[in-house]
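K.L.:
below are the sequence and a predicted model; questions follow.
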Amino acid sequence: DFPSGYAGYHNYAEMVAELNQTVRDHPNLVTMRSIGKSYQNRDLWMIKISDNPGVDEAEPEVLFTCNQHAREHLTVEMCLHIIKRYTDNYASNAAVKSAVDSREIWIIPSVNPDGAEYDIATGSFRAWRKNRQPNSTAVGTDPNRNWGYQWGCCGGSSGSGSSDTYRGTSAFSAPEVARVRDFVGTRVVGGVQQIKTHIDWHTYSELILWPYGYTYADTAAGLDATQANVFQTMGRRMASLNGYTPQQASDLYITDGSVDDWMWAAHKIWSYTFEMYPRSASGTSGFYPRDTVIAAQTSRNDTAVQLFLDYSDCVPRITGRTC
Ligand SMILES: CC(C)C[C@H](NS(N)(=O)=O)C(=O)O
Ligand SMILES: [Ca+2]
Ligand SMILES: [Ca+2]
Ligand SMILES: [Zn+2]
């Protein structure tokens, strides 16, 4: 479990218990399902928040994914905070109610539960990043190098099984990544992807990142200058609200097989990565802020998330365009 000073973080059992409580508290706003199993057979739980949650309504759909990287525990708290805010505040907050009534919001609070549990299993943090799938030389695939667009193309991942950025034996070889891929695929209805926008939550460095990560170029196949401008404008607008630094993912470093590149290239989903608090730290200590920061560093993103939901019907509207 988490060591002392970190009791406010949710381990897997505590996370599941909180999700189950939310379903009991808000049956008119929430449904919950598993999208499948992790390598070690933990359920990958997903919450849907909307009015008439049991009905697939013609409303823009938004996806939030958290905890691709095991040690980035603050992101589980971020997804749980979004779930809490858009259910508990529905009756009291007009903006929250408007978003819930006009969107269908999908939230996966832990994409990598095996890694997250491994990281805390001994009571001392192990700085574990990957999933817990064995490979020929070691353990673990980096989920954020295992997505199937430009997989392994460009020196933005490793072919060595012991590396923290090991890309896996093939695209989607990590079961957790394949399950999210499969779910997104089910949201193509009548040939149209219903999910319009996505945020993948990470720590740390306080950044808002957008595609592509596999190339330094601002535009490339499937991403033209107009679209790049939309990504940048929305990214900068959200950064003005949470104080993070907005930039193209490759401005940080080249990554290939990342979720954002696949979400955009395969489905034209406006996909961002948020790197949360802290802005900087000495090495892996940055992944382990005390539980005293959870409330402030999750609610810090409230206005950015609200803006993102508001524009999720037509993100290009942020540059004055129509859809
Ligand atoms: C989304 C990319 C560009 C950054 C991310 N950084 S992290 N969260 O692993 O430290 C990563 O390396 O996957
Ligand atoms: Ca609805
Ligand atoms: Ca729908
Ligand atoms: Zn990460």
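P.N.:
Nice, thanks for sending it over. Ligands and ions are numbered 1, 2, ... in the order given.

K.L.:
quick check, pLDDT for Val16.
P.N.:
At Val16, the model reports a pLDDT of 99.

K.L.:
burial measure for it, as a count.
P.N.:
The local packing of Val16 (other CB atoms under 10 Å) involves 18 other residues. Placement of C-beta: from N, CA and C, glycine included.

K.L.:
helix or strand for it, which one?
P.N.:
helix 12-25 (DSSP states H and E).

K.L.:
packing partners of that helix?
P.N.:
Counting contacts by 3 or more CB pairs under 8 Å, 6 or more residues apart in numbering; DSSP states H and E, helix 12-25 packs against strand 30-37, strand 43-49, helix 74-88, helix 113-120.

K.L.:
how about the residues of the protein by ligand 4?
P.N.:
His69, Glu72, His202 (CB under 5 Å from the ion).

K.L.:
using TSV, lay out the residues you listed together with distance to ligand 2 and secondary structure.
P.N.:
Below are those laid out as TSV (distance: CB to the ion, whole Å; DSSP: H, G, I helix; E, B strand; the rest coil):
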residue	distance to ligand 2	secondary structure
His69	31	coil
Glu72	30	coil
His202	29	strand
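
K.L.:
could these be laid out in JSON lines, adding pLDDT and distance to Val139?
P.N.:
JSON lines is the format used below for the residues of the chain next to ligand 4 (pLDDT from 0 to 100; distance: CB to CB, whole Å):
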{"residue": "His69", "pLDDT": "99", "distance to Val139": "15"}
{"residue": "Glu72", "pLDDT": "99", "distance to Val139": "18"}
{"residue": "His202", "pLDDT": "99", "distance to Val139": "21"}
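
K.L.:
helix or strand for the residue lying closest to Pro3 once chain neighbours are set aside, which one?
P.N.:
Using CB to CB, 6 or more residues apart in numbering and skipping residues adjacent in sequence, the residue nearest Pro3 is Gly123, 5.6 Å away. Using DSSP H and E, Gly123 sits within no helix or strand.

K.L.:
how close does Gly123 sit to ligand 4?
P.N.:
For Gly123, the distance to ligand 4 equals 23 Å [CB to the ion, to the nearest Å].

K.L.:
surely that residue and Asp1 touch.
P.N.:
Yes: counting by CB atoms under 8 Å, Gly123 touches Asp1, with 6.5 Å between them.

K.L.:
between these two, which one's more packed in?
P.N.:
Asp1 (13 against 9).

K.L.:
contacting residues for that one?
P.N.:
Asn11, Ile120, Gly123 (CB atoms under 8 Å, 6 or more residues apart in numbering).

K.L.:
the second one touches His10, doesn't it?
P.N.:
No: shown here, Ile120 and His10 do not form a contact pair, counting by CB under 8 Å, at 10.6 Å.
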